[in-house]
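Chemist: Sequence plus predicted model, see below.
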Amino acid sequence: MDFHIPYPTYQARYTSKYAALYHALHDNILANKLVRDTKLPSSRELAALYGLSRGTVNQVYDMLIAEGYLQADVGRGTYVVYNGVQEKRVPFEGKAIRLSDWGTRVCEADRDGRGLGRGQGQGQGQGQEWGPGQEEERERGKEQEREEKLRQGLGREEELGQEQEQEEEQERGKEQEQEQEEEQEQEQEQGRKIAFVMGRPQLDEFPRELWNRGMYEQVRRMTESPQAEAHVAEGHYALREAIAQHLRRIRGIEAPPERIVIVNGSMQAIALLTQMLVNEGDPVILERPGYQGASRAVLAAGGVPIHAEVDGQGLAPQPWNARLLFVTPSRQFPTGAVLGLERRQQLLRWAAEQGAVIVEDDYDSEFRHRGRPIEPLKVLDQEGRVVYIGTFSKTMLQDLRIGYVVLPEALHDAFVAAKRLYEPHPSGLLEQRSLAAFMASGGYERHLRRMRRVYASKFLLLQALLQEQLSTLFEWVESDAGLHLFGWWRGDPRTYAAYAAECRKAGVTWSDASSYGIPAGRAGACFGFAHLSEQEIRQGVAALRQISENVIKSTI
């Protein structure tokens with residue numbers, strides 16, 4: 001078969017054959033080198049052509065089909081359905097992103113406070129665009145020079161006190177083991193409570209010793225040589241650089257460190273963006289069900305939440321009259337639905353026509369248990385409409401409040417000005433520096449790979465058990481990713497409440513979907529699993545099944 005893609009070039013760029021083949025096909029489709037209706041080789045043919053396994057080829061095909069780029073029909077084979085000509089992105093036609101009155105005042109105050117005239121760094125108030133910042137460029141060279149000097153002395157400093165640290169770690173490990181044994185004994189005496197709640201990672205797999213050594217190292221560095229970067233509101237440059245490399249490799253996002261700002265968790269980013277962009281009475285589009293933190297931020301800014309319904313394909317686009325939208329496209333929160341390619345393109349066209357901003361919350365995209373993570377909306381954004389938010393709270397420690405924002409050029413300076421108002425010095429600089437070193441050493445990726453294996457096993461187990469034993473009660477939303485599973489209750493809210501009450505009495509709980517603004521007259525549940533052992537998952541589902549037979553059978 002006469003077929004060619006630059007696979008060897010991509011193989012040199014990516015560590016896995018899967019990633020190389022995926023990006024080679026994906027990029028050639030987007031570039032219209034593989035046009036609509038192009039038939040692709042069979043998995044056997046493509047595997048033979050590039051020395052791959054058929055399983056790898058099939059996984060890549062499945063992912064591109066899920067994202068809406070390919071289609072497979074019996075008898076016809078696999079072919080391209082993405083139409084890069086007809087679905088060409090709407091060009092930016094001068095509709096500038098407008099700041100709120102508050103955002104405009106903050107930018108003016110920030111310029112005045114830094115000794116800039118009103119004509120310098122002109123903001124977007126009244127439809128004027130913000131340009132790229134100059135302050136970052138001045139500081140970057142100095143920071144890189146400092147980092148290089150620090151790296152040169154890394155090996156020598158790590159040797160100092162290492163034996164003492166190891167002894168301390170061993171002592172702490174013994175104490176923790178004793179505490180865990182005592183807790184287990186108490187739980188056995190009191191009866192085990194199983195909580196299928198969200199937001200709790202599995203802590204016993206976290207590389208504590210490595211992380212603690214890194215923290216001690218950064219404490220020594222910071223006390224020996226105070227850092228001028230403490231005044232950079234954008235956050236530690238080396239961390240932003242590491243995040244940029246991670247996003248490029250794992251999520252396909254091309255973003256320089258200068259467009260990334262470190263925040264104290266994703267909620268800080270949501271609150272700042274809302275204040276920057278929303279005037280009193282402005283409508284803001286929110287998913288329903290969805291993350292209620294965004295709704296609270298909109299209400300606090302005086303905005304009017306407009307709830308957009310979510311179906312099995314995620315948010316359903318409408319011709320809204322609004323300039324701000326919050327969305328979770330890679331895995332809708334909390335249902336887990338994936339926003340397809342066509343809807344993503346519709347959202348981008350809507351944003352360009354309205355002069356709107358789309359805030360993409362990519363809250364747990366790292367954990368995809370089948371295939372490769374769905375590409376972010378940010379990857380398709382060519383007009384600078386999408387603000388991308390990520391966090392480390394699910395991949396690292398829950399209490400490690402480090403998030404990040406990838407900003408379009410037109411919003412960067414305004415966002416930094418708003419953050420500088422509340423937080424002129426970056427909070428958690430010690431943790432930021434430690435995380436940067438952890439990522440640069442490869443420790444973060446090793447930890448992420450390990451947790452993917454651990455969570456995938458739990459995910460597949462819980463999914464199979466819920467489908468097998470509780471499908472008469474819940475309609476499960478199909479999912480291949482994340483750290484929780486979502487189900488719609490098949491009965492009415494009254495029977496759901498009765499069932500939940502009996503489960504609580506038996507010591508089994510979950511995250512109620514009513515906390516996420518589900519439509520009236522419906523009930524749903526989120527079953528988190530990250531912190532539970534496989535034995536606890538089995539015991540919990542067995543208890544849920546037993547209670548359903550005793551309580552619900554007569555009423556559903």
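Modeler: Received it, and whenever you're ready, just let me know what you need. Numbers count the residues shown, from 1 in each chain.

Chemist: Please look at residue 302 and residue 279 and confirm they touch.
Modeler: Yes. With contact defined as CB atoms under 8 Å, residue 302 reaches residue 279; the gap is 6.9 Å. C-beta here means a position set from N, CA and C on the backbone, and glycine is covered the same way.

Chemist: Give me the neighbour count for residue 72.
Modeler: When neighbours are defined as other CB atoms under 10 Å, residue 72 has 15 of them.

Chemist: Contacts only, for the closest residue to it other than its chain neighbours.
Modeler: Nearest non-adjacent residue to residue 72, counting by CB to CB, 6 or more residues apart in numbering: residue 78, 4.6 Å away. Residues counted as contacts of residue 78 (CB atoms under 8 Å, 6 or more residues apart in numbering) are 39, 40, 42, 61, 65, 70, 71, 72.

Chemist: now residue 78: how far from residue 219?
Modeler: Look at residue 78 and residue 219: by CB to CB, to the nearest Å, they are 54 Å apart.

Chemist: How about residue 337?
Modeler: 44 Å.

Chemist: Repeat that for residue 472.
Modeler: In terms of CB to CB, residue 472 sits 55 Å off from residue 219.

Chemist: Now for the residue nearest to residue 72, which secondary structure element holds it?
Modeler: Using DSSP states H and E, residue 78 falls within strand 77-80.

Chemist: ranges for the helices of the stretch 351-500 of the chain?
Modeler: Listed in chain order, the helices found in the stretch 351-500 of the chain under DSSP state H, counting those that start in this stretch are 377-380, 409-422, 429-440, 443-469, 493-505.

Chemist: For my notes, please list those helices in TSV and give mean pLDDT, distance to residue 15 and mean neighbour count for each entry.
Modeler: As requested, the helices of the stretch 351-500 of the chain are exported to TSV (pLDDT from 0 to 100; distance: least, CB to CB, whole Å; neighbours: other CB atoms under 10 Å):
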stretch	mean pLDDT	distance to residue 15	mean neighbour count
helix 377-380	90	19	20
helix 409-422	93	30	22
helix 429-440	92	15	22
helix 443-469	93	9	16
helix 493-505	92	44	16
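
Chemist: of all the ones you listed, which lies closest to residue 345?
Modeler: Set against residue 345 and scored by CB to CB, the helices of the stretch 351-500 of the chain come closest in helix 377-380, at 6.9 Å.

Chemist: can you list contacts of the closest one?
Modeler: With CB under 8 Å, 6+ apart, helix 377-380 has contacts from 89, 251-253, 255, 327, 329-330, 339, 344-345, 347-348, 358, 360, 386, 388, 406.

Chemist: Any of these buried? List them.
Modeler: Among those, those classed as buried by 16 or more other CB atoms under 10 Å are 251-253, 255, 327, 329-330, 339, 344-345, 347-348, 358, 360, 386, 388, 406.

Chemist: still on that earlier bit, what's the first helix or strand after the strand holding residue 78?
Modeler: helix 101-113.

Chemist: And the longest strand seen in the chain, what does it pack against?
Modeler: Identified as the longest strand of the chain according to DSSP state E is strand 304-311. Using 3 or more CB pairs under 8 Å, 6 or more residues apart in numbering; DSSP states H and E, the elements in contact with strand 304-311 are strand 283-288, helix 292-300.

Chemist: List of residues touching it?
Modeler: Applying CB under 8 Å, 6+ apart, the contact partners of strand 304-311 are 281-290, 295, 298-299, 315-316, 318, 320, 322, 332, 335, 337, 517, 519.

Chemist: cool, and stretch 274-282?
Modeler: Residues from elsewhere that reach stretch 274-282 (CB under 8 Å, 6+ apart): 97-103, 106, 284, 294, 297-298, 300-304, 322-324, 357, 411, 414-415, 418.

Chemist: what's the first-to-last distance across it?
Modeler: Counting by CA to CA, to the nearest Å, you get 11 Å between the two ends of stretch 274-282.
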